[in-house]
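Visitor: Could you look at this predicted model? Sequence included:
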Amino acid sequence: MNKINPRKLKLSKWTACAPSDREKHFLVTKLLCDEEGTPIRVELEAVYSARVTLLDWHELRDSRHWKMGWC
């Protein structure tokens with residue numbers, strides 16, 4: 001399980017453990033927060049294709065699917 005400070009997620013780098021369509025490396029480009037400023041979702045941009053996806057930030061904590069940094 002990856003330890004993450006949700007406030008420091010913006011511009012963090014991630015590697016997918018099971019890449020698809022050659023999309024392995026991702027960058028958090030935006031944090032989507034609730035009214036109190038608590039992060040709810042992150043916007044991930046694939047480095048290879050620039051495709052953007054929304055993801056619950058808690059899913060990044062699962063080390064079976066995501067690794068911190070670009071490996």
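Guide: That came through, no problem. Numbering: from 1, shown residues only.

Visitor: Show me what residue 68 is bridged to.
Guide: Beta-bridge partners of residue 68, counted by DSSP bridges, are residue 14.

Visitor: Which strands and helices lie in contact with the one helix or strand residue 40 maps to?
Guide: In the assignment (DSSP states H and E), residue 40 maps to strand 39-46. Contact analysis of strand 39-46 by 3 or more C-beta pairs under 8 Å, 6 or more residues apart in numbering; DSSP states H and E lists strand 23-33, strand 52-56 as its packing neighbours. (C-beta placed from N, C-alpha, C; glycine too.)

Visitor: Can you list the neighbours in contact with that strand?
Guide: Residues outside strand 39-46 that contact it (C-beta atoms under 8 Å, 6 or more residues apart in numbering): 6-7, 9, 14, 23, 25-34, 51-57, 60.

Visitor: re the thing from before, tell me which of the helices and strands packed on strand 39-46 approaches residue 71 most closely.
Guide: Taking C-beta to C-beta, strand 23-33 is the member of the helices and strands packed on strand 39-46 nearest to residue 71, at 8.5 Å.

Visitor: Check which residues of the closest one are buried.
Guide: Neighbour-count burial for strand 23-33, with 16 or more other C-beta atoms under 10 Å as criterion, is recorded at 23-28, 31.

Visitor: What is the neighbour count of residue 71?
Guide: A total of 11 residues lie near residue 71 under the criterion other C-beta atoms under 10 Å.

Visitor: Could I get the contacting residues of the nearest residue to it once chain neighbours are set aside?
Guide: Taking C-beta to C-beta, 6 or more residues apart in numbering, and ignoring the residues beside it in sequence, residue 71 has residue 15 as its nearest neighbour in space, at 4.6 Å. Contacts of residue 15 were listed using C-beta under 8 Å, 6+ apart, and they are 24-26, 66-71.
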